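J.: Sequence first, predicted coordinates after that:
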Amino acid sequence: MEEILSRGFVQQGMERRFGKKWGLIIASLMFGVIHFEPSAAANAFVIGLVLGYAYQRTGNNLLIPIGMHVIFDWAVLILTFLFPIT
């Protein structure tokens, strides 16, 4: 759902208004901001750039960033379980 909103609506709208480069940057900033905590927002911005770029490079195919997002979330979950912060 997050990718459908972030790439399918926000990024497409920003690209139409500001062009591909700035649309990607603005959409990624917005993706970062919705993650609230500053360190999480900074990480989400970078991840948003990667996911948004993949979306652009695959001809606006949402399945690619959705799959990448799922893999990333699972990797974080597994790493958090294996290496808990104490």
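T.: Nice, I can see it.

J.: any idea which helix or strand carries Q56?
T.: Q56 belongs to helix 38-57 when assigned by DSSP states H and E.

J.: Name the residues of whichever helix or strand comes after that helix that are buried.
T.: Per DSSP H and E, helix 38-57 leads on to helix 63-82 as the next helix or strand towards the C-terminus. Using 16 or more other Cβ atoms under 10 Å as the test for burial, helix 63-82 gives I64, P65, I66, M68, H69. Backbone N, C-alpha and C define where each C-beta goes, glycine included.

J.: I'd say the third one and M1 touch.
T.: Translated: I66. No. Shown here, I66 and M1 do not form a contact pair, counting by Cβ atoms under 8 Å, at 9.4 Å.

J.: centroid residue for this protein?
T.: The structure's the chain has its C-alpha centroid closest to G48; by Cα atoms, centre = their mean the separation is 2.8 Å.

J.: can you tell me the average pLDDT over stretch 11-19?
T.: Mean pLDDT, stretch 11-19: 97.

J.: Identify the residues contacting that stretch?
T.: The contact list for stretch 11-19 (Cβ atoms under 8 Å, 6 or more residues apart in numbering) reads W22, G23, L24, I26, A27, G52, Y55, N60.

J.: Please name the residues that touch the nearest residue to L51 once chain neighbours are set aside.
T.: Of all residues not flanking L51 in the chain, P65 sits nearest, at 4.0 Å (Cβ to Cβ, 6 or more residues apart in numbering). P65 sits next to E3, R7, L51, G52, A54, Y55 when contact means Cβ under 8 Å, 6+ apart.
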